[in-house]
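Novice: Compute the structure for the input listed below.
(one chain, ligands or ions: 1)
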Amino acid sequence: MNNDKLEEILNRYPPSREHLIAILQEVQEAEGFLSREAIVRIAARLKLATGKIYGVATFYNQFRFQSSGKYHIQLCRGTACHVKGSSAALDCLERELGIHPGETSADGLFSLEVTPCLGACGLAPVMSVNGEIHSCVDEIKIKTILTALRSSAAAGGDEL
Ligand code: FES
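Specialist: Next comes the predicted model:
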């Protein structure tokens, strides 16, 4: 992240721990994730240990510590999707991608995030890839989607 942008965000808040979450949210919005260097600078400004900041940030599912993959997958864990089997979908994604929510695959191709309701409950369980909604996802459908994305990436394409 550009130092000026981080400085601008930090200058908007009094250097107090009570603003930590708001600062982390703004930094992530600007950078897409919380880099190690951003955390170190936030820690210095708020006079907190970096470990404390990681501890707080990891408590919330919304924060990422790695940049997103080429394909950013969001799996809905809202109530309707949960009832329709999003747990099994999450297990499948973790197994197939070899990552957990908040992580990015080593090849940089995929990142995974769990989200609250994506607003498409009638299509549950739902996941999105770079913002494109996929409905009624089960293991077979997820494997088909991932295979198509891998093929697309190998062919140099961007879309499914
Ligand atoms: S609960 Fe998943 S889209 Fe609403």
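Novice: closest point of the chain to the ligand, which residue?
Specialist: Relative to the ligand, the nearest point of the chain is residue 78 (2.5 Å; C-beta to the nearest ligand atom). (Glycine included, C-beta is placed from N, CA and C.)
Novice: what's the burial count for that residue?
Specialist: Residue 78 sits with 19 neighbouring residues when counted by other C-beta atoms under 10 Å.
Novice: And what about the residue nearest to it when sequence neighbours are not counted, helix, strand or coil?
Specialist: Using C-beta to C-beta, 6 or more residues apart in numbering and skipping the chain neighbours, the partner closest in space to residue 78 is residue 117 (3.4 Å). Residue 117 falls in the coil class when you classify it by DSSP: H, G, I helix; E, B strand; the rest coil.
Novice: and residue 117, what does it touch?
Specialist: Residues near residue 117 by C-beta atoms under 8 Å, 6 or more residues apart in numbering: 76, 78, 79, 80, 81.
Novice: Put the buried members of the residues you listed into a ChimeraX selection.
Specialist: The following ChimeraX line selects those of the contacts of residue 117 that are buried, judged by 16 or more other C-beta atoms under 10 Å:
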select :76,78,80,81
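Novice: Can you pick out the most distant pair from the contacts of residue 117?
Specialist: Across those, the longest distance by C-beta to C-beta is 9.7 Å; it joins 76 and 79.
Novice: Pull the residues that contact the helix or strand hosting residue 133.
Specialist: Using DSSP states H and E, residue 133 sits in strand 132-134. With contact meaning C-beta under 8 Å, 6+ apart, strand 132-134 is reached by 118, 120, 123, 126, 127, 128, 141, 145, 160.
Novice: pLDDT of the longest helix anywhere in the chain, averaged?
Specialist: Taking DSSP state H as the criterion, the chain has its longest helix at helix 139-154. The average of the pLDDT scores along helix 139-154 is 96.
Novice: All good on my end, thank you.
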